[in-house]
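Enquirer: Provide a 3D model corresponding to the input given below.
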Amino acid sequence: PYGHTPTLTGQVIPLRIPYNIRAEVVADTLVRIIATQGGRAEVRHVRPGEAVDLRPVPAPEDPAPLGPDAARWALLHPAAHDRPRITADHLLQRESNPLFRVRYAHARARALGRNAGRLGFGAVPGDVADVAPLTRALGEYPHALTQAAAHRAPDRLARQLVAVADGLLAFQHTVLPLGDEKPSAAHRARLALAEAAGTVLAGGLSLLGISAPDYL
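Expert: Residues are numbered from 1 along each chain as shown. Next up, the predicted model:
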């Protein structure tokens with residue numbers, strides 16, 4: 001899969017963590033992220049006073065009332081040294097909510113594919129102009145995944161998904177023909193790029209343990 005590398009092949013990464021929900025979620029996510037780089041993480045809880053490998057700033061309150069997806073995002077999106085915000089903002093379906101933008105962009109990518117099929121055309125990779133932010137964000141995704149594994153920092157993956165989502169949402173309106181316009185090579189190439197972005201968003205969300213609905 002895109003972004004997977006053999007960087008950590010054969011390495012066993014110990015993750016000694018304290019007993020708190022944020023450390024649990026970060027470690028659980030890192031098990032999957034480290035596996036994408038060929039490594040294997042071993043998680044072990046430690047008692048107070050023992051050495052740890054991960055000690056993210058604990059959540060100020062129980063994130064469970066946010067629901068599983070928003071709770072995980074609230075714990076994973078901030079850097080480990082930042083205190084997570086456990087607020088209802090993570091549930092808002094508006095542009096100010098990064099989690100919503102990421103999941104909405106994935107749903108839009110799926111919708112564009114369905115609508116293109118109804119119009120009788122499919123994706124064909126090709127040159128795509130004026131979408132530098134998206135192509136750059138997609139190109140940086142493998143590095144972000146490698147860095148997330150190397151630095152035990154799933155927030156790097158979360159922020160990269162936001163960049164991919166914002167790039168897709170900025171150009172999605174150009175993917176399908178308008179009015180009586182016929183599908184062209186440019187439309188097919190844009191659709192291929194949108195579908196690639198959707199695949200990256202789905203894969204990244206899965207690594208974070210967050211669902212990626214096709215309809216939102």
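Enquirer: contacts, neighbours, all on C-alpha from now
Expert: OK.
Enquirer: Mind checking the pLDDT average for the helix or strand hosting A202?
Expert: Using DSSP states H and E, the element containing A202 is helix 185-208. The pLDDT scores in helix 185-208 average 97.
Enquirer: G198 is in contact with R110, correct?
Expert: Yes. Counting by CA atoms under 8 Å, R110 does reach G198; the two are 6.9 Å apart.
Enquirer: Have a look at those two and say which one is more surrounded.
Expert: G198 (27 against 19; other CA atoms under 10 Å).
Enquirer: which residues touch P65?
Expert: A71 (CA atoms under 8 Å, 6 or more residues apart in numbering).
Enquirer: Give me the pLDDT for it.
Expert: 97.
Enquirer: Repeat that for S96.
Expert: 96.
Enquirer: coming back round to it: so which other helices or strands are in contact with the helix holding A202?
Expert: Judged by 3 or more CA pairs under 8 Å, 6 or more residues apart in numbering; DSSP states H and E, helix 185-208 is in contact with helix 21-36, helix 68-76, helix 98-118, helix 132-150, helix 154-171.
Enquirer: For that helix, which residues meet the burial criterion?
Expert: For helix 185-208, the neighbour count (16 or more other CA atoms under 10 Å) marks 185-205, 207-208 as buried.
Enquirer: How many residues are close by the residue lying closest to Q37 once chain neighbours are set aside?
Expert: With sequence-adjacent residues excluded and distances taken as CA to CA, 6 or more residues apart in numbering, Q37 is closest to T5, at 4.7 Å. Per other CA under 10 Å, the neighbour tally for T5 reads 18.
Enquirer: OK, contacts around T5?
Expert: By CA under 8 Å, 6+ apart, the neighbours of T5 are 36-38, 146.
Enquirer: from the residues you listed, which is closest to N97?
Expert: T146 (25.6 Å; CA to CA).
Enquirer: Can you measure across stretch 125-133, start residue to end residue?
Expert: 17 Å (CA to CA, to the nearest Å).
Enquirer: Need the contact partners of that stretch.
Expert: 167, 171, 185-186, 188-190, 192-193.
Enquirer: Would you format those residues as JSON lines with distance to D89 included?
Expert: Compiled in JSON lines, those are given as follows (distance: CA to CA, whole Å):
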{"residue": "G167", "distance to D89": "22"}
{"residue": "F171", "distance to D89": "26"}
{"residue": "A185", "distance to D89": "40"}
{"residue": "A186", "distance to D89": "38"}
{"residue": "R188", "distance to D89": "36"}
{"residue": "A189", "distance to D89": "36"}
{"residue": "R190", "distance to D89": "32"}
{"residue": "A192", "distance to D89": "33"}
{"residue": "L193", "distance to D89": "30"}
